[in-house]
Structure formats: C-alpha cells, structure tokens
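In: build me a structure from this.
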Amino acid sequence: MFSYSSRLSSQSLQGRLARTGGLLATVLLALSAAPALAAGATCQGQTLAQPFTAWGDLNYYTLAPGGNFVNPVGAGWKLSGGAQIVQTTQPNGTVGPVLDLPSHAQAISAPVCVTLEYQTARVFVRNVKGTAGVSVGLAYTGTSTMGNPQHTGTVYGKSSSWNPSEPFNVDPQIAGPNEGTREVRFVFVAGGCRSDFQLYDLYVDPRMR
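Out: Predicted structure coming up:
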C-alpha cells in the first residue's frame with residue numbers, strides 16, 4: 001500500500017428540583033472537572049489519559065488503536081522489514097509487548113481518527129543499539145500521502161532507558177482545511193545501520209482543556 005522511501009532514513013424544575021438538586025450539582029461538578037474537547041472536534045469513543053505527567057506534560061492524550069502493542073496486527077498495524085513485537089521491560093517497569101524496529105524496519109499504524117484539533121503526537125522510545133532514531137511519516141486516507149507518506153520528524157531515544165519522544169506534528173490539514181474527522185496512519189521507519197529501536201504507547205493529542 002505504501003511506498004516510503006529510504007530518504008526518510010533509513011491524534012438540566014421546585015418540589016422535584018429540590019430533591020434532585022444535589023444530584024444535579026454533583027453531575028455539573030463532575031462535568032466541569034472533566035477535560036473538554038476543543039470546539040469542532042468530533043472523534044468519538046476515544047479514552048483520555050495523561051501519560052506524560054512525570055515528564056512535565058499535563059496534556060490529555062488518546063491512545064492510538066493497537067498503540068500499546070498488545071495485538072497491533074489485529075488492530076490493523078502492518079509490520080515489515082524485521083519489525084516485530086517483543087516481550088521486554090516497558091516504561092512502567094513491568095514486562096510486556098513493545099514494538100522492536102531494527103535498521104530499516106517499518107511499522108504502519110492502524111488508522112487513527114483525528115480532526116484539525118489534533119496537532120501533535122508522542123510515543124515512548126528507547127535505543128537498543130545505535131542513535132539514528134526512527135523517522136515518522138503521515139499517510140492520510142484519500143490523499144497522495146497514502147502512496148508517499150509525508151515525513152513529519154524523527155523520534156530519538158536518549159539511552160537504553162525509556163523516554164517520551166518530543167511531540168511530533170500530526171498535520172491534519174493535509175487532508176483538507178475543513179473541520180471534520182479524517183484518518184491518518186503513522187509510518188515508522190528505523191534509521192541507522194545495524195541499529196535497533198523500540199517504541200511503546202503511541203498517543204495523539206486531541207487538544208483537551
């Protein structure tokens with residue numbers, strides 16, 4: 001489906017109201033405390049979390065389908081060139097599945113619903129061998145990027161320990177300037193020679209506030 005070249009390197013009445021007022025107040029309080037999606041965003045069914053608070057990022061994110069790599073292929077991911085799921089230590093210290101990408105291996109995510117509000121994404125990354133990092137491309141359904149993903153950045157591990165990548169752009173305007181949902185696939189390609197990198201928990205930021 002995709003041709004991702006090596007130049008890439010290698011997201012409310014008085015009797016009854018009096019009796020229900022307390023409940024209504026409780027509901028309103030809960031709603032006011034919950035994060036609100038910025039105006040215009042319409043993706044449904046996405047669960048929110050704050051996975052990067054330990055690194056000073058208090059933003060709300062939604063996990064991409066299959067983004068925890070428990071069953072990525074079943075969720076719609078495509079792995080090639082040696083990309084595989086391995087069992088190893090995850091960022092929280094437990095042992096579980098992560099995505100392993102040796103040099104030039106490629107992983108294409110399942111489609112992710114985004115809108116114009118979804119501007120960035122992050123993923124946990126670490127270096128097993130080498131420091132070249134993993135290039136990230138964007139492939140939007142119904143656009144030319146489906147055949148030639150648009151390079152949006154490179155994610156780097158700082159060491160053999162896990163760290164969150166710097167946020168990388170989702171560029172939803174690639175699929176047009178009008179508000180509404182669109183689908184993007186993230187294309188990861190490992191760089192370097194005789195290198196190996198691992199990714200875990202791909203999250204996109206729906207601009208929650």
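In: now do the contacts for the nearest residue to Ala75 once chain neighbours are set aside.
Out: In this structure, Ala75 finds its nearest non-sequential neighbour in Gly66, 2.8 Å apart by Cβ to Cβ, 6 or more residues apart in numbering. To be clear about C-beta, it is placed using only N, CA and C from the backbone, and glycine gets the same treatment. Counting by Cβ atoms under 8 Å, 6 or more residues apart in numbering, Gly66 makes contact with Pro72, Val73, Gly74, Ala75, Gly76, Trp77, Ser109, Ala110.
In: got the phi and psi for the fourth one?
Out: Read it as Ala75. phi -80, psi -10 (degrees, to the nearest 10).
In: residues near it, how many?
Out: 16 (other Cβ atoms under 10 Å).
In: wait, it sits on Pro65?
Out: Yes: look at Ala75 against Pro65 with Cβ atoms under 8 Å: they come within range, at 4.7 Å.
In: shared neighbours, those two?
Out: Common neighbours of Ala75 and Pro65 (Cβ under 8 Å, 6+ apart) are Ala110.
In: can you show me the strands along this protein?
Out: 48-49, 61-63, 78-80, 84-89, 95-102, 106-108, 112-114, 120-129, 134-140, 150-155, 163-164, 168-169, 182-190, 196-205 (DSSP state E).
In: quick one: distance of the last one to the chain centre.
Out: Read that as strand 196-205. 7 Å (Cα atoms, centre = their mean, to the nearest Å).
In: same for it, what does it pack against?
Out: Packed against strand 196-205, as judged by 3 or more Cβ pairs under 8 Å, 6 or more residues apart in numbering; DSSP states H and E, are the following elements: strand 61-63, strand 95-102, strand 120-129, strand 182-190.
In: that strand pairs with which strands?
Out: Strand 196-205 has the following strand partners under DSSP bridges: strand 61-63 (antiparallel), strand 95-102 (antiparallel), strand 120-129 (antiparallel).
In: ditto for the first one
Out: Listed by DSSP bridges, the sheet partners of strand 48-49 and their directions read strand 61-63 (antiparallel).
In: what does the strand it pairs with rub up against?
Out: Around strand 61-63, the neighbours that count as contacts under Cβ under 8 Å, 6+ apart are 43, 46-52, 122, 201-206.
In: by neighbours, which of the residues you listed wins?
Out: Leu202 (28 neighbours).
In: hey, what's that one bridged with?
Out: On the basis of DSSP bridges, Leu202 is bridged to Val123.
In: so what pLDDT did it get?
Out: pLDDT, Leu202: 98.
In: ok, it - contacts?
Out: When contacts are counted by Cβ under 8 Å, 6+ apart, Leu202 touches Leu63, Ala64, Gly67, Ser109, Ala121, Val123, Phe186.
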